[in-house]
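Enquirer: Pasting a predicted model and its sequence here:
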Amino acid sequence: MNVRLLHFAVLRDIVGAGEERLEVPDGTRAVDVWNRLRQAHRQLAGYQRPPMTAINERYADPDELLHEGDELAFIPPVAGG
Amino acid sequence: MYLTDGRIDARALAERVTRPSDGACVVFEGVVRDHHEGRAVESIFYDAYRPMAEKEITKIMDEIHAQFPDVAADVVHRLGLLRVGETSIAIACSAPHRGEAFDACRAIIDRVKQTVPIWKKERGPGGEEWVGWQQ
């Protein structure tokens, strides 16, 4: 299935793109996508768990299963205000 | 819409929320300061997951409305590059009496800082850094 992975702030700088389209097997969880990112970018290797996870613009458990067409984003520590 | 790319007019925000029955209007402005943890800061770049940030702020404002039913409140957060002294966020809360206006205003800024997906990259003579991210 296909999911959209969005990158913001420090993660966009590390990955070098604001958005990726990923093809992942059924049964993929958000944290599995995080682990792919960690393997691809050594700056993230030390982060066993994602900072926070959002699926379809809502905070979600990183162990949640992904579905076709989901929009996934990992949320670095927020710093608004 | 709670997010903007332009300058914030806190006075206009206050006027929008103040009703004839209100005796108090509390306005909070968050401003870019010239230092952070001992480092000089010249500007801050604010980034956001815009649609989700709008939703999270809407959630906060709904909670505030339920918690402080007599308070009329609004908030605007600016994104993009801001220099020292510029307003990054303004919150206006008006109410018949000052107590709940102060409380609601404080509650809004505290919650915005906790949950809304907005980030800042501080820039100074020593380089730039995303606030809150430990390498």
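Expert: Right, received. Where do you want to start? Numbering: from 1, shown residues only, chains lettered A, B, ... in the order given.

Enquirer: Strands of chain A, start to end?
Expert: According to DSSP state E, chain A carries its strands in the segments A:2-6, A:19-23, A:53-55, A:58-60, A:71-74.

Enquirer: Neighbouring strands of the second one in the sheet, and parallel or not?
Expert: What that stands for is strand A:19-23. Applying DSSP bridges to the sheet, strand A:19-23 is found paired with strand A:2-6 (antiparallel).

Enquirer: wouldn't B:G30 be in contact with B:L82 here?
Expert: No: B:G30 is beyond contact range of B:L82, at 10.1 Å (criterion: C-beta atoms under 8 Å). C-beta: built from backbone N, CA, C; applies to glycine.

Enquirer: Can you pull the residues that touch both of these two?
Expert: B:S88 (C-beta atoms under 8 Å, 6 or more residues apart in numbering or on different chains).

Enquirer: quick revisit: A:G81 is nearest to which of the strands of chain A?
Expert: strand A:58-60 (18.4 Å; C-beta to C-beta).

Enquirer: So what's the model's average confidence on that closest one?
Expert: For strand A:58-60, mean pLDDT is 98.

Enquirer: Sheet-wise, list the partners of that strand with their directions.
Expert: Partners of strand A:58-60, by DSSP bridges, with direction: strand A:53-55 (antiparallel).

Enquirer: Stretch B:111-118 - what's its average pLDDT?
Expert: Here stretch B:111-118 scores 98 as its mean pLDDT.

Enquirer: Report the buried residues of that stretch.
Expert: B:R111, B:V112, B:T115, B:V116, B:P117, B:I118 (16 or more other C-beta atoms under 10 Å in any protein chain shown).

Enquirer: One more: stretch A:31-44?
Expert: Counting neighbours by 16+ other C-beta under 10 Å, stretch A:31-44 gives A:V31, A:V33, A:W34, A:N35, A:L37, A:R38, A:L44 as buried.

Enquirer: likewise stretch B:66-84?
Expert: Buried, per 16+ other C-beta under 10 Å, within stretch B:66-84: B:F68, B:V71, B:A72, B:A73, B:D74, B:V75, B:V76, B:H77, B:R78, B:L79, B:L82.
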